[in-house]
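>>> could you work out the structure for the sequence below:
(one chain, ligands or ions: 1)
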Amino acid sequence: MKIAIVGAGVIGVTTAWELASDGHEVVVFERRGSAAEEASFANAGVVAPGYVTPWAGPGMRAKVLQSLLSSHGAIKLRWPLSANDLSWMRKWQRACGLDTYLANRARMQRLAFYSRNRLHEITEGCQLSYERSDGYLVLLRSRREQKLVQPGLGVLREAGSVFREVDADEARAIEPGLNPNTPLWGAIHLPQDEVANCRQFTLILKREAEALGAQFFFNCDLAPLSRSAPTALSLAAGSESLRFDAVVVCAGLGSAALLRPLGVRIPLAAVYGHSISASIKDPAQAPCSAVMDERYKVAISRFGVRMRVAGSAELGGASDTIHPAALQTLYKVLHDWFPGAAALQSGVQQWKGARPMLPDGPPVIGPSGVPGVWLNLGHGSSGWALSCGSARVLADLMAGRATGIDIEGLGVERLLPQ
Ligand SMILES: Cc1cc2nc3c(=O)[nH]c(=O)nc-3n(C[C@H](O)[C@H](O)[C@H](O)COP(=O)(O)OP(=O)(O)OC[C@H]3O[C@@H](n4cnc5c(N)ncnc54)[C@H](O)[C@@H]3O)c2cc1C
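Sure thing, here's the model as predicted:
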């Protein structure tokens with residue numbers, strides 16, 4: 001088949017690679033000048049399948065309120081909030097019930113474990129080399145936090161994650177750079193989880209997809225799909241349309257606008273996060289892999305000779321305005337745990353990115369309901385961890401093959417009005 005993919009983030013590129021591997025003629029259109037320029041640009045890079053869970057769950061409303069009232073709280077609302085944001089919040093609230101949460105968590109974790117395996121298969125099969133390291137350490141500052149994470153450990157156990165509760169000494173032995181002066185109660189160590197550079201992987205896999213014959217066209221902002229000819233694509237600025245046998249929408253936050261004329265309503269919101277990346281000044285004081293500060297929900301990751309601090313969740317506000325408070329929290333957590341590790345005098349990259357988030361959690365993968373138009377979108381806070389599995393599932397569905405996992409609840413039907 002001649003297949004067009006819209007979007008060259010990690011989801012579009014992994015999809016292009018899988019479809020090209022299956023022998024399809026693949027053409028990718030991307031509005032930016034290069035791959036992985038939006039949400040996939042500077043994320044935390046954590047691949048921890050047991051921690052891939054919906055943000056809509058029991059008790060979340062209270063957590064959000066608490067966070068809004070705290071100066072270093074991870075979750076913030078910014079003005080203006082759009083009508084879309086408000087409608088998304090109502091849907092998010094409705095998805096917080098226990099049964100809905102448990103169903104969505106099972107769907108996401110199934111996909112996340114499958115995806116990690118697929119990431120390893122691709123990495124080994126293509127002999128890819130990118131910045132990565134093994135192990136994930138969730139830091140617990142106090143006994144209270146250790147108590148609060150116990151239900152979460154039950155989730156990890158159920159999901160089949162390999163993990164160990166360790167005391168502060170052992171945590172410091174696993175990550176010797178941790179600041180001895182910051183109080184640490186203990187940690188959760190997940191040796192099979194990992195951290196890796198999502199953007200670098202995306203750029204490398206793009207080259208592999210090209211070697212398989214996929215073509216990439218950049219600076220191509222596509223117009224919304226048309227009801228009369230949904231698989232014919234044209235530029236937003238106006239151009240002759242190009243016809244394909246199928247179109248796969250992997251356009252992250254841009255997906256809702258592309259699909260609207262077809263009557264396919266995707267309730268996506270931009271949930272902004274921030275990161276700072278800097279060169280490592282002293283490797284002995286830097287993390288070996290990734291740590292997560294459970295209290296502030298901030299991850300500190302090692303990427304070769306650089307390190308990245310990432311966190312925060314903001315709804316509303318402008319995409320190009322970085323609120324200093326969000327960065328202050330990242331710097332605070334960095335100084336708490338790895339004070340002398342990063343070269344912060346110059347060359348620090350500060351980034352604000354938007355998670356393409358559906359209100360209930362799992363992404364949407366599969367047919368759109370409109371013949372020829374397929375979806376792989378809405379991966380929210382876990383798009384990197386879910387990318388390789390999502391792409392394989394989509395390719396299998398397009399081929400009419402059985403998928404490697406149960407895909408119940410990953411289709412667009414889930415989002416249709418009841
Ligand atoms: C601070 C932060 C930390 C994160 N940490 C992690 C983590 O540790 N682990 C993890 O798994 N995930 C993490 N994520 C989430 C992850 O980054 C995203 O889920 C993932 O990058 C989404 O990929 P995507 O390809 O769907 O979207 P994108 O990367 O945004 O790609 C979509 C592409 O479509 C293009 N596009 C849109 N509309 C059009 C159009 N009309 N025409 C042409 N092109 C178009 C866009 O330009 C864009 O390049 C984090 C996110 C943030 C913000």
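>>> CA atoms for contacts and neighbours, from now on please.
Fine.
>>> and the lowest-mean-pLDDT helix or strand in the chain, what does it pack against?
Lowest on mean pLDDT, DSSP states H and E among the helices and strands of the chain sits helix 60-69, with a mean of 84. Applying 3 or more Cα pairs under 8 Å, 6 or more residues apart in numbering; DSSP states H and E, one finds that helix 60-69 contacts strand 75-78.
>>> now the element after the strand it packs on, going C-ward?
helix 83-94 (DSSP states H and E).
>>> and the helices in this protein, which stretches?
10-21, 60-69, 83-94, 98-125, 143-148, 150-159, 168-174, 198-211, 255-259, 324-337, 383-399 (DSSP state H).
>>> let me have those in JSON lines, extended by mean neighbour count and distance to Glu131.
Converted to JSON lines, the helices of the chain look like this (neighbours: other Cα atoms under 10 Å; distance: least, Cα to Cα, whole Å):
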{"stretch": "helix 10-21", "mean neighbour count": "27", "distance to Glu131": "15"}
{"stretch": "helix 60-69", "mean neighbour count": "13", "distance to Glu131": "33"}
{"stretch": "helix 83-94", "mean neighbour count": "15", "distance to Glu131": "35"}
{"stretch": "helix 98-125", "mean neighbour count": "19", "distance to Glu131": "12"}
{"stretch": "helix 143-148", "mean neighbour count": "13", "distance to Glu131": "31"}
{"stretch": "helix 150-159", "mean neighbour count": "14", "distance to Glu131": "26"}
{"stretch": "helix 168-174", "mean neighbour count": "16", "distance to Glu131": "19"}
{"stretch": "helix 198-211", "mean neighbour count": "20", "distance to Glu131": "8"}
{"stretch": "helix 255-259", "mean neighbour count": "20", "distance to Glu131": "29"}
{"stretch": "helix 324-337", "mean neighbour count": "18", "distance to Glu131": "20"}
{"stretch": "helix 383-399", "mean neighbour count": "24", "distance to Glu131": "14"}
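>>> of the ones you listed, which shows the lowest average pLDDT?
When the helices of the chain are compared by mean pLDDT, helix 60-69 comes last with a mean of 84.
>>> tell me the angle of that helix relative to helix 83-94?
On the basis of axes from the mean of the first three to the mean of the last three Cα atoms, to 10 degrees, helix 60-69 is oriented at 130 degrees to helix 83-94.
>>> who's in contact with the least confident helix or strand of the chain?
Contact with helix 60-69 is made by 73-77, 93, 96, as judged by Cα atoms under 8 Å, 6 or more residues apart in numbering.
>>> closest one to Pro58 out of these, please.
Lowest distance from Pro58 to these (Cα to Cα) belongs to Cys96, with 5.3 Å.
>>> ok, that closest one touching Met89?
No. Distance between Cys96 and Met89: 10.7 Å, which falls outside the contact criterion (Cα atoms under 8 Å).
>>> the nearest residue to Leu81 once chain neighbours are set aside: neighbour count?
Nearest in space to Leu81, with sequence neighbours left out and distances taken as Cα to Cα, 6 or more residues apart in numbering, is Gly316 at 4.5 Å. Neighbour count of Gly316, defined by other Cα atoms under 10 Å: 19.
>>> if I pick Gly316, what's in contact with it?
Here Gly316 is in contact with 77-82, 85, 270-271 (Cα under 8 Å, 6+ apart).
>>> quickly note the distance from it to the ligand.
14 Å (Cα to the nearest ligand atom, to the nearest Å).
>>> repeat for Trp88
Using Cα to the nearest ligand atom, Trp88 is found at 17 Å from the ligand.
>>> wait, that residue sits on Leu268?
Yes. Using Cα under 8 Å, Trp88 is in contact with Leu268, at 7.3 Å.
>>> what's the overlap in contacts for these two?
Residues touching both Trp88 and Leu268 (Cα under 8 Å, 6+ apart) are 358-359.
>>> on that earlier part again, can you redo the contacts of helix 60-69 as JSON lines with distance to the ligand?
Formatted as JSON lines, these follow (distance: Cα to the nearest ligand atom, whole Å):
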{"residue": "Gly73", "distance to the ligand": "15"}
{"residue": "Ala74", "distance to the ligand": "11"}
{"residue": "Ile75", "distance to the ligand": "12"}
{"residue": "Lys76", "distance to the ligand": "14"}
{"residue": "Leu77", "distance to the ligand": "15"}
{"residue": "Gln93", "distance to the ligand": "21"}
{"residue": "Cys96", "distance to the ligand": "20"}
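>>> pull out the buried members of those residues.
Among the contacts of helix 60-69, those classed as buried by neighbour count (16 or more other Cα atoms under 10 Å) are 73-76, 93, 96.
>>> and of those, the nearest to Pro54?
Cys96 (9.0 Å).
>>> list the contacts of the closest one.
With contact set as Cα under 8 Å, 6+ apart, Cys96 has these partners: 56-60, 360.
>>> all set now, cheers.
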